[in-house]
Structure formats: structure tokens, C-alpha cells
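**Student:** sequence-free structure coming up:
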């Protein structure tokens, strides 16, 4: 699974990255996480941050979901 956390470094962006890593670790999900901070690259995908992209599809944008919600998104 390829996961990208899109965000420029604001507190919400950092919170999304931390929550995503926690969900992956707690559930032993095999995934590669990449943090994308380049605004030009982010704008190619979405205009809203933070955003979470899983296998090329935007699954969350503009908010920080709970670890439980992230677990559901990453295990379905």
C-alpha cells in the first residue's frame, strides 16, 4: 500500500501524519508512507490540506480523522 500525506507542515498536517503512522503500526499494515510538502505537487492532487492519498486515491482532505477512522479506511 502506498500512502501519501499531503501538507505544508501546519499542525493539522503533522497530526494527520502522526495519526496515520499510529494506525499503521497498531494494525501491522504493510504500507509505505511518503510526506509531500511541495505545494506544487500537492496542488496537482488537491487544493485542500491536509490530505491523505492511498494508492493514488484521495481518501481524506481538509481534516484530521481519528486513528480508528484511519484504521477503517486503511483496512477495507
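**Tutor:** Perfect, thanks for sending it. Keep in mind that this is a model prediction, so the values were computed, not measured.
**Student:** check contacts around residue 11.
**Tutor:** Listed by C-beta atoms under 8 Å, 6 or more residues apart in numbering, the contact set of residue 11 is empty. Placement of C-beta: from N, CA and C, glycine included.
**Student:** centre-most residue in the protein?
**Tutor:** residue 52 (3.0 Å; C-alpha atoms, centre = their mean).
**Student:** roughly how far does residue 38 sit from residue 8?
**Tutor:** Shown here: residue 38 relative to residue 8, a distance of 9 Å by C-beta to C-beta, to the nearest Å.
**Student:** so which bits of the lengthiest helix in the chain are buried?
**Tutor:** In the chain, assigned by DSSP state H, the helix with the most residues is helix 11-26. Under the neighbour-count criterion of 16 or more other C-beta atoms under 10 Å, helix 11-26 has 13, 16, 17, 19, 20, 21, 23, 24 buried.
**Student:** not counting sequence-adjacent ones, nearest residue to the third one?
**Tutor:** Nearest residue to residue 17 in three dimensions, chain neighbours excluded: residue 5, at 4.5 Å (C-beta to C-beta, 6 or more residues apart in numbering).
**Student:** repeat that for residue 66.
**Tutor:** That would be residue 19: by C-beta to C-beta, 6+ apart, it lies 7.2 Å from residue 66.
**Student:** so who does that neighbour touch?
**Tutor:** Contacts for residue 19 (C-beta under 8 Å, 6+ apart) come out as 64, 65, 66, 67, 70.
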